[in-house]
Each structure stands twice: as C-alpha cells, then as structure tokens.
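K.L.:
Structure for this input, please:
(chains A and B)
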Amino acid sequence: MNAAPCRADSPMTSCFAQVDCNNFYAACERVFNPALAGRPVVVLSNNDGCVVSRSAEAKRLGVPMGAPYFTLKGQLERQGVAVFSSNYALYGDLSNRAMRLLAGYARAQEVYSIDECFLDLSGEAEPLRLARRLRDALLQGLGLPACVGLGPSKTLAKLANHLAKQEAALEGVLDLGSLDATALLQRLEPVAVEEVWGIGRRLGERLRLAGIGSARQLAETERDWLQRRFGLVTARIADELRGVSCLALESLLEPRRSVMSTRSFGRKVTALAELQEAAAMHASRVAERLRRQGSLAHFLRVGIRSGVPGWGRGGDASETVALLPPSNDSRVLARAAQQAVARLWQRGVRYHKAGVMAFELVDAGQVQADLFAGDPLDAKSARLMQAMDAINQRMGRGTVRLLAEGTKQPWRMKQDHLSPCYTTRWDDIPVVKAN
Amino acid sequence: MAEPFSSDSSDGIPVAPPGREALDALIARFPRQAFRAAEVLSETELPLYASRVPAGFPSPADDYLEASLNLNDYLIRHPESTFFVRVSGESMSGAGIFDGDMLVVDRLLRPRHRDVVIAVVAGELTVKRLELRADGPWLVPDHPDYPALRANPEAGFDVWGVVTAVVRSLRPPH
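P.N.:
Below you'll find the model as predicted:
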C-alpha cells in the first residue's frame, strides 16, 4: 500500500476504472468453443479437485463454488454441465491479451490478478463512454464479458464494479464518480462492510462490533476515531470510500524477485524416485521461467508436503540449497532439487505435494564470473537451454525435457477434462469448417 | 561443522546443507561489491552496435541500423485480438482458401460486405464470405457445390472474427 498522505485537493480529479472479467476461466473455455454458449460450464481446480469457476448458467443451477468435484460428478452429468480441467496456458494467454488491450486505452495500468486490472482514466472527458468501449472491446475482440467500475478512488472503482456485476440494468458499467456526496452515500448504504475492498471478514466483524455494518457507515465514521481504533489502513479505506484517492496504481514492471512452481500430485506418493521426478520437473519449470525473465538464481528452496494440514500428522519439510555459481540451467536446478528431496524424504510417509522456489535472483546480463565457482554464463549450457526453450515454445511445453523428470510421471496431476491450448500450440489451434 | 559447504565435485553442483547458519554464512561470502559495481556500470548509457567486434573496425552500416522486417507486423494489425485457425474443407477454394490452410483472424475488426469471416453457425466455427444483402446478412461459400446460408441471429449466427490473411506453407517445416 502506498504511504503517501491523502490529498483531497489534487489538481486534477482522479478517475480510476476497475475492469474485471466475468467468470473468467469458464468464459475462456467458451471463446473457441461456441457450442458452449448458453450451456452451464464449470472449471475445476488443479487435479480436478473442486469447482473454481462457474458460468452464469452453472450458478443458476446452484453449483456451489469450491465444492469437491467427486461429490458433484453425477449431478453435473445429469444437468448437462460442461466440465473442464483448468487450462492455465489458455487462461494465461487470454489474460495477457486482455491486459494489453486495456492498457492501450489508459494512462496507466495496474494488473491486479489474472482477470482484473485497474486503469488510470484521470483527465478523460467522458469516462463512462470509455468504460463502455473497454467492455465492448473485450467482448468483441476476445469474446470475454467483463464489468467496468469507475470511481475517484480505487476502492470506489472496485465497489462500482461489484455493483455493476449485481445489477443487470447497469449493463456491466457503473460510475460512482459522477454522483454527488448524498447520492454516493445512498449507493453505499446497502453494501455490507465486508464487501469493501481491503476489509474482509475478520476486520468486518470488528467493525460490526463497533456499530459499523455498511459501506455507508464506514464512510460516515469520523476519521480520527477510525484511525485510533482500527489503524491507518482502515482510515484510508474510509477516505477512499468518500472519494479521496489514497491508493495509487502499483506498477508490476519489475521482474519477479522469486519464481516458484508447486503442484499437488494426482495421487499420494511414497517412493523417493517419484518424489524426485516431481521435484526435477518443478525445478526445470522454475529454470525455464528464470530464463524467460533473464534471471539467475542464487538459492533454491525445495519443499515437500505430507498428510492433511491440521490433521496432526501433516507436515512440510523444506530445504534451501545454494547454487554456486547462480544458475538458470534446468539440469543444475533439477539436480539440486533432487538431492534436496533425497535428504528430506522419509520412508513410509505419504506425500501429496512438492514445490521448488528460486530466490535471490540476479540479472543474467549483470553477473560477472564468480571468482570461486567458475563461469556462471557457461556458453555451452546457455546454448543448450536456448535450444530447449525454442523447441518447447514451438512444439509445446515439455516436448524436450530432462529424463530426471520421469517419462510416465504417474504422480502428475489429474487433468481429465483439459481443453486444447488453442492459442499457444500450433497443433491445438481451432479448426474452422469450410463446408 | 568445519566446512559448511560441501562442493560435490562429481557433478559440479555445490550444495549447502540445511540450516540458518549455513545460509547466513553463505550470504556473507557473496561478492556483493562485484554485483554493485556491475549495476552502476549498467546505468551508464552504452551505444548499441549491431556488430560485436572486440577488435577491428565497426560495421559502416551501424549508423543506418533498422529493425528487420517482421511478418507479424505485416499480417497483424491488432495482436491482442488476432488468432490463428486451421481450415477443414474446400468450400472457400474460389477465394484461394484450401483445406489445411491457416487463417489469420482479427476479432476487433468490424465485418464489412464481402469480407471473409469466421462465423458461428449451429455452435461451430465456419469460414464463409459475408454478404450484406437487401434481405439481411448471408454467409456465402466460394465453391459451386456448396449452398449460401441465410445468417439468422435467432439460430445462433454470429460473426466471430474477420479473416485478414491466409498462410499456406508450400514446404511445411514439420
């Protein structure tokens, strides 16, 4: 959060837009599969575990969010619901496209999550009209329905979006910045305080005990009292609700400072060899990402998890390994991860997850030959990795991989309902009929 | 522990055993100054040369450097809303679109009369020519054996995107 003091007297009235795609994963599945139009669609989490995204039709059928798939399977089949495993290659690509498309319309953008962003539309003469254009561009250009909320602060823009999603009459767009103070408070009246961005359930409970149950009540609470009782962050949220912008857009231009890959197994794993395969795969994925952003890692943290957390016997075991010299070579990271796992592994324990994280990253271009560990930019290794990345980019991820990652990968996560990678693999591009 | 870092010479991957102390010791041993110097160095602007010559003469063309031609730039106007699709069937052969061809499709373009479009018909993506006739939009194949189709929005007709280019490899790379 930004630490700058709030200014009510900013020279130009600020205007933020918050754009949020509706039921994003389910919507992505529909883009290249028009037969799904009007049909209920659900997307499952990793390992086909539980429902993480539902189309409006699936919501109307009462399919609960987060429900385990195995308890719903029969019901979904009977109701004719189309079920998909999460296809992150597809969602990630469509998300990138959506964000780039939106960025072209704004002075600045903050990508907030895979399916939402904030835009700075300050100085825009007709923000509402622009908001409608953004919505149309996403729908026409990418086939993704979205809602756009406008407001003089990020918190109000987010709230406007929330209201636009609920009230069909608004056609997906609402501007809270055009309201005068009285009308704004009326709008905030029916909104539960927990719905306000940054409040959440626990703070909401505390606010309720103090008699603050709605967004309106929060906006009307005296600022100093609020700050003394609930802290500066809460006082700022109240400022934001009154239309005073305290939170600036945060840019995520910096490359990531750590890179992680972690996944649950399709089934419990007890054999060390399988655990090592999984660790090698995650390490190799991490290395691939490091190469993409041009970083080398000094450290690798390798973790394995057993049991069900909270059930007593569950536990995490992890180890940090130093890479000398820093590296982004898949082979180096994979071997380090395998060795770590060999030390962590215990006979007879049933593991259900493995993960690898690289941290203390440095720019590959800036690293100089390490005096006591040889040349990190071993040219041969770099060429091999380049070739591997080029092949995988062209023929699909995992076409060329380390033998250490295993060939059958019996521990791999379950994805029984995966759709094609329509936009990232040549073999998967959509087929159009000429008949 | 006398030596906190066992350098496994057989595979060249030095490995630090677990433990906070070992980690701190290692961080302390980092040649931090070297990195900082490298960062400072990178802040000074360096001229970009096309040819990397450690010795000898720079290329006389360096001053005239332009970016190479990029087929994406030529074929794609809106990269965010442009998709590739594969054709199955012969109904557009009159328009020079054959079975197995790849099409470049821009979804952001507004369809015009006589555009080749990707249309949704009965839940399927099809490639047709769009004709805006007096009695409404029609989807017209470019082949004598195939009938024209009335584009009926009630029957789920929709223009999915406008075809902007055809890509046909005469010697497919793979």
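K.L.:
start to end distance for stretch A:422-431?
P.N.:
10 Å (CA to CA, to the nearest Å).
K.L.:
in that stretch, what counts as buried?
P.N.:
A:422-425, A:428-430 (16 or more other CB atoms under 10 Å in any protein chain shown). The C-beta positions use only the backbone N, C-alpha and C, and glycine is treated the same way.
K.L.:
Which residue ranges of chain A form helices?
P.N.:
A:24-31, A:56-60, A:69-78, A:88-103, A:127-142, A:154-166, A:181-188, A:200-209, A:215-220, A:223-230, A:232-241, A:272-292, A:330-344, A:379-395 (DSSP state H).
K.L.:
send the alpha carbons of the shortest one over as CSV?
P.N.:
Extracted as CSV, the C-alpha positions of helix A:56-60 are listed here (Å, rounded to 0.1, in the frame of the first residue of the first chain):
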residue,chain,number,x,y,z
ALA,A,56,-23.8,-17.7,-15.0
GLU,A,57,-25.9,-20.8,-16.1
ALA,A,58,-24.0,-23.0,-13.7
LYS,A,59,-24.5,-20.5,-10.9
ARG,A,60,-28.3,-20.5,-11.6
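K.L.:
Tell me the helices and strands packed up against it.
P.N.:
strand A:41-44 (3 or more CB pairs under 8 Å, 6 or more residues apart in numbering or on different chains; DSSP states H and E).
K.L.:
Just the residues contacting the strand it packs on, thanks.
P.N.:
The contact list for strand A:41-44 (CB atoms under 8 Å, 6 or more residues apart in numbering or on different chains) reads A:25-26, A:29-30, A:50-55, A:57-58, A:63, A:69, A:76, A:81-86, A:417.
K.L.:
In JSON lines, list the buried residues of stretch A:422-431 along with distance to chain B and pLDDT.
P.N.:
Shown next, in JSON lines, are the buried residues of stretch A:422-431 (distance: CB to the nearest CB, whole Å; pLDDT from 0 to 100):
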{"residue": "A:Tyr422", "distance to chain B": "8", "pLDDT": "95"}
{"residue": "A:Thr423", "distance to chain B": "6", "pLDDT": "94"}
{"residue": "A:Thr424", "distance to chain B": "11", "pLDDT": "89"}
{"residue": "A:Arg425", "distance to chain B": "11", "pLDDT": "88"}
{"residue": "A:Asp428", "distance to chain B": "10", "pLDDT": "93"}
{"residue": "A:Ile429", "distance to chain B": "5", "pLDDT": "95"}
{"residue": "A:Pro430", "distance to chain B": "5", "pLDDT": "97"}
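K.L.:
sorry, back to before: got a quick ChimeraX command for the buried subset of the contacts of strand A:41-44?
P.N.:
In ChimeraX, a selection of the buried entries from the contacts of strand A:41-44 looks like this (16+ other CB under 10 Å):
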select /A:25,26,29,30,50,51,53,54,55,57,58,63,69,76,81,82,83,84,85,86,417
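K.L.:
ok, how many other residues are close to the nearest residue to A:Gly143 once chain neighbours are set aside?
P.N.:
Once flanking residues are discounted, A:Gly143 sits nearest to A:Val31: 4.2 Å by CB to CB, 6 or more residues apart in numbering or on different chains. Residues lying near A:Val31 (other CB atoms under 10 Å in any protein chain shown) number 19.
K.L.:
Mind putting the buried residues of stretch A:422-431 into a markdown table with distance to B:Met102?
P.N.:
Output for the buried residues of stretch A:422-431, formatted as a markdown table (distance: CB to CB, whole Å):
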| residue | distance to B:Met102 |
| --- | --- |
| A:Tyr422 | 13 |
| A:Thr423 | 13 |
| A:Thr424 | 15 |
| A:Arg425 | 13 |
| A:Asp428 | 13 |
| A:Ile429 | 7 |
| A:Pro430 | 11 |
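K.L.:
so which two of those are the farthest from each other?
P.N.:
The largest separation in the buried residues of stretch A:422-431, counting by CB to CB, is between A:Thr424 and A:Pro430 at 12.4 Å.
K.L.:
count of residues packed around residue 113?
P.N.:
Going with chain A. Counted with other CB under 10 Å, A:Ser113 comes out at 10.
K.L.:
The intended chain is chain B.
P.N.:
10.
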